[in-house]
Every structure is written in structure tokens, then in C-alpha cells.
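Asks: need a structure here:
(2 chains)
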There are 2 protein chains.
Amino acid sequence: MGSSKLLGGEIRRRRLELGLSQEELATLCDLHRTYIGSVERGERNVSLQNIVSIAYALKYKPSQLMAVLDEAS
Amino acid sequence: MGSSKLLGGEIRRRRLELGLSQEELATLCDLHRTYIGSVERGERNVSLQNIVSIAYALKYKPSQLMAVLDEAS
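Replies: Model prediction:
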């Protein structure tokens, strides 16, 4: 599975774990809800700045969020 | 210091640690040498796919490369 799909799935999993809606997550990281939706579906080659913003909004360190990609090697 | 600068510095530090030139690193991850140079200088908001490619070329897991951003919170 591609990096974008793996990352998107983890973002969604963690968001639901925290009981956040896409709207709430988008507000926390100053991004648009539809963008969050497309990221979660793996449709975006997310930029570094957005990865960091989303990680913190999910109460994750950037490396914690990216760990989902470690096994994909 | 911004995320791009922190990540770029870590990429450069690890590249030198492995004794690679920018040209060699660029070839390993199928990117252009000038792009690697601009990433190392913190001039790029690097995409997820390129972060993953660069990490593996540096014999790092993606989370290891991103750990440099964890303390920036």
C-alpha cells in the first residue's frame, strides 16, 4: 500500500481514537475539512508542514505519526 | 527553526555520516542533485513520498528521519 494510503489510514485511526470529527481536526491544524478527507483517503502527497501540523493536532510527535510507514520498507 | 530547516539539517548530517555526496544521495532516491541541495538548505516543503524515499536512501526508517522534528513542538 502506498505511503499516502498508509499515512491517511493512520490519521483516520488516530482521529477516531481521539473522538474527533474531520471538521474538528481540520480546525485544530488550520486546514480545510475536505483536505483532511482527501488525506485520509490517501489521495494526497502531503507536505512536511501539513504532516507536522496534523501530527500535533492528533497529539502525536511527527515521528509517531510516520512510524506507520516504517514497516512498508 | 522551521520544520524544513530541521529536516534539511538532519538529511545533510546523516548524508555526511554515511559519506555520501549530494549527487550520490540524489541518485539513490531518484531525485535531482539540486533538489537535494535545496532540501538540505531548508528551502523545500518536502512531500511525503520524497521524505520516505530520502529516508530509505539514508538507511533510515521514515520515523527516524522525522524524529528531529519531535523536539520542535
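
Asks: Quick check: pLDDT value at A:Q64.
Replies: Note for A:Q64: predicted pLDDT of 97.

Asks: Would you mind measuring from it to B:E24?
Replies: 30 Å (Cβ to Cβ, to the nearest Å). Yep, even glycine has a C-beta here, placed from its N, CA and C like the rest.

Asks: and if you look at A:R44?
Replies: Distance from A:R44 to B:E24, by Cβ to Cβ: 30 Å.

Asks: What is whichever strand or helix holds A:M66 packed up against?
Replies: In the assignment (DSSP states H and E), A:M66 maps to helix A:62-66. The contact analysis (3 or more Cβ pairs under 8 Å, 6 or more residues apart in numbering or on different chains; DSSP states H and E) places helix A:62-66 against helix A:3-17, helix A:48-57, helix B:62-66.

Asks: residues from chain A in reach of chain B?
Replies: Selection of chain A residues close to chain B by Cβ under 8 Å from any Cβ of the partner chain yields A:3-4, A:7, A:45-49, A:51-52, A:56, A:61-67, A:69-70, A:72-73.

Asks: now with 6 Å?
Replies: Near chain B, the residues belonging to chain A are A:3, A:45-49, A:52, A:61-63, A:66-67, A:69-70 when assessed by Cβ under 6 Å from any Cβ of the partner chain.

Asks: Out of the helices and strands packed on helix A:62-66, which is the most enclosed?
Replies: helix B:62-66 (a mean of 23; mean count of other Cβ atoms under 10 Å in any protein chain shown).
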